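1. Requesting a structural model of the entry that follows:
(one chain, ligands or ions: 1)
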Amino acid sequence: MKALICDDYGPPEKLKIADLPEPSPSEGEALVEIGFAGLNFFDLLVIENKYQAKPPLPFSPAAEFSGRVLALGPGATGFKPGDRVLGYTGFGCARERLVCPIDRLVAIPDGLSDEKAAGLTITYGTTLHALKQRADLKPGETLVVLGASGGVGLAAVELGARLGARVIACASSDEKLKFVRSFGAAETINYASSDLRAELKRLTDGRGVDVVYDPVGGGLTESALRSLAWKGRLLVIGFASGEFPKPPLNLVLLKGCDIRGVFWGEFLNREPETHRRNMAELLADAASGAISAHVHAVYPLESFRDAFGAIARREALGKVILKLGA
Ligand SMILES: NC(=O)c1ccc[n+]([C@@H]2O[C@H](COP(=O)([O-])OP(=O)(O)OC[C@H]3O[C@@H](n4cnc5c(N)ncnc54)[C@H](OP(=O)(O)O)[C@@H]3O)[C@@H](O)[C@H]2O)c1
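-> Residues are numbered from 1 along each chain as shown. Here you go, the predicted structure:
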């Protein structure tokens, strides 16, 4: 079977397509034929050995997938061959067939395509956890989303609007802002051409914003923190800018506000029941069309450099998907 392989840390150009022996499932495992694998910004960090999770070499990148169950190992129950499934494994999904513990699989509901299902778990899962369990976002509150047209950013725009917040979507180009408006953003700010703090002050009549969703980091974080209202919450999602911000903590005191960390990968291990409820809600919403699970583009496996390049060049609008099957 074909697999994308990282056997030496570095940029996507160093990845290779290799022919691997067919895997077979052991006790409690399923063998899945992968149709599509979802790529995320953090895959770029993983293959460069710059991420907190460090899979042993050689490994396949891509942390999430959709496909069909091919076979079950001894003691694996709950699914049967032919079932449409999606799953999250942290890494290893960019390959034609994958063995994983049966409890990693989730049934794909009718009405949700395999392409969309492949890229929904991480971005929407992280965001629902962030907005619900971490921010306790309430209807009528103001939610600012940085990097709003990217994977997690677009999910935050959609889920924020769905939870009844007034969403202010922020991104680095007018083209990206036009795109996010159609996903529920009430207002937009181009932070490459205007001052984020001044614009947020103007849009809230000086009151400040309730919740900031920050997957970007760098200098934008302090501007956003300075824009929080009394008892506001800043959600630390990630650092796509490559820079860990170090904002002055006197701001937290003066605003009586919170900086709240979001670590979805740890949340699903520590709070599996809440994670399962979140996923059930997301899958029902995606199947009904209430959330888009928007796909930027689907790339054949052979075009993996273009797929990673779209993320690295900051071009991806929503999810980038790799196609594994014929
Ligand atoms: N906490 C968690 O559990 C969790 C879960 C998933 C992802 N994350 C993190 O969230 C972040 C975003 O992930 P994603 O998959 O949504 O990424 P993405 O689709 O590539 O989106 C990232 C956005 O960040 C902005 N950005 C600013 N500077 C950038 C730069 N130098 N390079 C690339 N993008 C830059 C871009 O928007 P503009 O051009 O508009 O600025 C881009 O749209 C990553 O740091 C990831 O590790 C965290």
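
2. Would you indicate which residues of stretch 14-32 are buried?
-> Buried residues in stretch 14-32, counted by 16 or more other CB atoms under 10 Å: 15, 23, 25, 29-32. (C-beta placed from N, C-alpha, C; glycine too.)

3. Secondary structure class of residue 98, three-state.
-> Counting by DSSP: H, G, I helix; E, B strand; the rest coil, the backbone at residue 98 sits in strand.

4. one step back: restricted to strands, list the buried residues of stretch 14-32.
-> 29-32 (DSSP state E).

5. hmm, back to that, next, format the buried residues of stretch 14-32 as CSV and append pLDDT.
-> Compiled in CSV, those are given as follows (pLDDT from 0 to 100):
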residue, pLDDT
15, 98
23, 97
25, 98
29, 98
30, 98
31, 98
32, 98
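
6. which one among these gets closest to residue 286?
-> Proximity of the buried residues of stretch 14-32 to residue 286 (CB to CB) peaks at residue 32, which lies at 19.7 Å.

7. tell me the contacts of the closest one?
-> 65, 67-70, 85, 87, 97-100, 105 (CB atoms under 8 Å, 6 or more residues apart in numbering).

8. which of those lies closest to residue 185?
-> Using CB to CB, those come closest to residue 185 at residue 65, 29.6 Å.

9. Which pLDDT value goes with that closest one?
-> On pLDDT, residue 65 comes in at 98.

10. In this structure it contacts residue 38, no?
-> Yes - with contact defined as CB atoms under 8 Å, residue 65 reaches residue 38; the gap is 7.1 Å.

11. now stretch 260-267, how far from the centre of its chain.
-> 12 Å (CA atoms, centre = their mean, to the nearest Å).

12. That one close to the ligand?
-> Yes - judged by CB under 6 Å from any ligand atom, stretch 260-267 comes into contact with the ligand through 262-265.

13. Can I have the buried ones of the residues you listed as a ChimeraX selection?
-> In ChimeraX, this line selects whichever of these come out buried by 16+ other CB under 10 Å:
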select :262,263,264
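
14. now, among the residues of stretch 260-267 next to the ligand, which is nearest to residue 321?
-> Nearest to residue 321 among those, with distances taken as CB to CB, is residue 264, at 19.3 Å.

15. Model confidence for that closest one, exactly?
-> So, for residue 264, pLDDT stands at 98.

16. do residue 86 as well
-> Note on residue 86: pLDDT of 98.

17. ok, now which ones touch it?
-> Per CB under 8 Å, 6+ apart, neighbours of residue 86: 64-67, 105-106, 108, 117-118, 120-121.

18. and if you look at residue 8?
-> 14, 57.

19. can we see that at 10 Å?
-> Neighbouring residues of residue 8 by CB atoms under 10 Å, 6 or more residues apart in numbering: 14-16, 47, 49, 57-58.

20. measure the closest residue in space to residue 3 that isn't next to it in sequence to the ligand for me?
-> Beyond its immediate neighbours in the sequence, the residue positioned closest to residue 3 (CB to CB, 6 or more residues apart in numbering) is residue 95, lying 3.5 Å away. Residue 95 sits 20 Å away from the ligand, taking CB to the nearest ligand atom, to the nearest Å as the criterion.

21. Could you do residue 280 as well?
-> From residue 280 over to the ligand (counting by CB to the nearest ligand atom), the distance is 19 Å.

22. and if you look at residue 322?
-> The value you get for residue 322 to the ligand, if CB to the nearest ligand atom is used, is 14 Å.

23. Helices of the stretch 151-300 of the chain, start to end?
-> 151-162, 174-181, 196-203, 219-226, 250-255, 264-270, 272-288 (DSSP state H, counting those that start in this stretch).

24. Out of those helices, which is the most enclosed?
-> helix 151-162 (a mean of 28; mean count of other CB atoms under 10 Å).

25. just to revisit the earlier point, now, among the contacts of residue 32, which is nearest to residue 255?
-> Closest to residue 255, out of all of these and judged by CB to CB, is residue 87, at 40.4 Å.

26. wait, does the helix or strand hosting the closest one make contact with the ligand?
-> Taking DSSP states H and E as the definition, residue 87 sits inside strand 84-88. No - on the criterion CB under 6 Å from any ligand atom, strand 84-88 is out of touch with the ligand, staying 10.8 Å away.

27. quick one: contacts for the closest residue to the ligand within the stretch 151-300 of the chain?
-> Closest approach between the stretch 151-300 of the chain and the ligand, counting by CB to the nearest ligand atom: residue 238, at 2.5 Å. For residue 238, the contacting residues are 40-42, 45, 126, 146-147, 150-153, 214-217, 262, by CB under 10 Å, 6+ apart.
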